[in-house]
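Novice: I'd like to go over a predicted model; first the sequence, then the structure.
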Amino acid sequence: MTLKVGLLVGREWSFPPAFIDEVNKRNEGVEAEYVQLGGTRMEEPVPYAVIIDRISHEVPYYRTFLKLAALQGVTVVNNPFMWTADDKFFGAAMVTKLGIASPKTLVLPNKDYVPGIVHTESLRNLRYPLDWQSIIDYVGLPCVLKDAHGGGWKDVFICQTLDELIYFYNHTGLRTMIVQEFIKWEHYVRCLCLGQEEVLPMKYDPHERRYHVEHAHLGPELGQRIVDDSLKLVRAFGYDMNSVEWAIRDGVPYAIDFMNPAPDMDINSLTPFYFDWVVKHMADMAIRLAKNPRPQSQALGWEALFAGKPSQRKRSKSS
């Protein structure tokens with residue numbers, strides 16, 4: 001019996017066909033294809049062993065369908081229940097509990113609210129005005145203001161002064177924003193983490209938004225720490241596909257951005273060298289999970305997560 005891997009995608013053109021071709025040419029009894037949907041019945045069988053989700057953060061119907069798939073025993077990459085629950089503030093608090101260095105982070109009340117919210121009646125639990133000075137005293141200046149549920153460097157503001165912070169906050173609308181300590185880094189690394197087993201640390205320049213193919217950009221000790229901390233992080237959150245960004249200051253890697261469950265996999269940004277690695281290792285992971293399903297009903301391991309420890313379920317050898 002042929003096992004099927006389904007792919008949910010958005011506006012990306014290089015990775016999807018390369019991934020499907022890579023899986024199908026292996027001749028391992030596993031076939032990959034694009035998922036086709038058009039309204040889903042609650043008892044409708046989902047015909048996939050694995051579904052790779054690259055777009056449900058932007059298409060809510062897909063996320064709803066993926067929860068049904070997980071209910072039926074499909075291995076969804078990434079687990080839709082965790083992805084629905086995550087945010088950057090919870091992530092920062094969780095990373096700190098795991099013993100990983102992270103910038104000081106504070107979550108702010110929303111600036112604006114949906115119609116029907118009456119400020120004097122609906123928001124009686126909130127203290128106004130905000131104590132901006134205490135916020136600055138905590139995170140320092142400059143600081144970073146960003147969307148707690150955002151990604152792709154959208155709605156990220158580097159604020160040099162308190163006035164700038166207040167100005168940008170006043171234009172955030174319905175978004176829930178966090179304020180973070182600004183880490184003035186000497187070296188920046190973005191890691192692609194796959195299958196909770198493999199980590200590819202790449203030199204990345206967030207100013208230029210581009211990767212540098214330099215294999216010796218990290219010393220052995222620092223490189224191992226980044227790999228180990230990246231694995232600790234993705235295993236705690238249960239993500240099989242994620243990118244983790246590290247800002248290195250005074251030899252210490254700080255987890256800056258680490259909840260990117262649909263990481264950039266485009267050949268034009270990754271470079272052909274890293275793109276080839278991603279395609280092959282994504283195919284490896286999809287085939288492995290199709291043949292050896294990982295029940296996701298227990299994958300989150302909430303007790304271990306809240307205790308600040310990765311899940312203790314059995315794993316393959318890391319690399």
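Specialist: Great, that's in hand.
Novice: residue 68 and residue 33, how far apart?
Specialist: To residue 33, residue 68 is 19 Å away according to CB to CB, to the nearest Å. Glycine gets a C-beta too; all of them are placed from N, C-alpha and C.
Novice: residue 41 now?
Specialist: Residue 41 is 21 Å from residue 33, by CB to CB.
Novice: who's more crowded, these two?
Specialist: Neighbours per residue (other CB atoms under 10 Å) separate residue 41 from residue 33, with residue 33 holding more: 14 against 7.
Novice: list the residues that contact that one.
Specialist: Counting by CB atoms under 8 Å, 6 or more residues apart in numbering, residue 33 touches 4, 5, 6, 7, 20.
Novice: same question, residue 178
Specialist: Contacts of residue 178 by CB under 8 Å, 6+ apart are 88, 89, 92, 105, 106, 107, 108, 145, 146, 147, 148.
Novice: what about it, distance to residue 149?
Specialist: From residue 178 over to residue 149 the distance is 10 Å, taken as CB to CB.
Novice: what sits in contact with each of these two?
Specialist: Shared contacts of residue 178 and residue 149, counting by CB under 8 Å, 6+ apart, come down to residue 88.
Novice: give the PyMOL command for selecting the buried subset of the contacts of residue 178.
Specialist: Typed into PyMOL, the line below selects the buried ones among the contacts of residue 178, using 16 or more other CB atoms under 10 Å:
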select buried, resi 88+89+92+105+106+108+145+146+147+148
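Novice: rewinding a little: now, the contacts of residue 33 that are in strands?
Specialist: 4, 5, 6, 7 (DSSP state E).
Novice: so which of these is surrounded by the most neighbours?
Specialist: In terms of neighbours by other CB under 10 Å, the ones in strands among the contacts of residue 33 top out with residue 5 at 27 neighbours.
Novice: now residue 7. Nearest residue, chain neighbours left out?
Specialist: Nearest residue to residue 7, sequence neighbours excluded (CB to CB, 6 or more residues apart in numbering): residue 52, at 5.0 Å.
Novice: ok, back up a step: which one among the contacts of residue 178 gets closest to residue 132?
Specialist: Nearest to residue 132 among the contacts of residue 178 is residue 108, at 10.0 Å by CB to CB.
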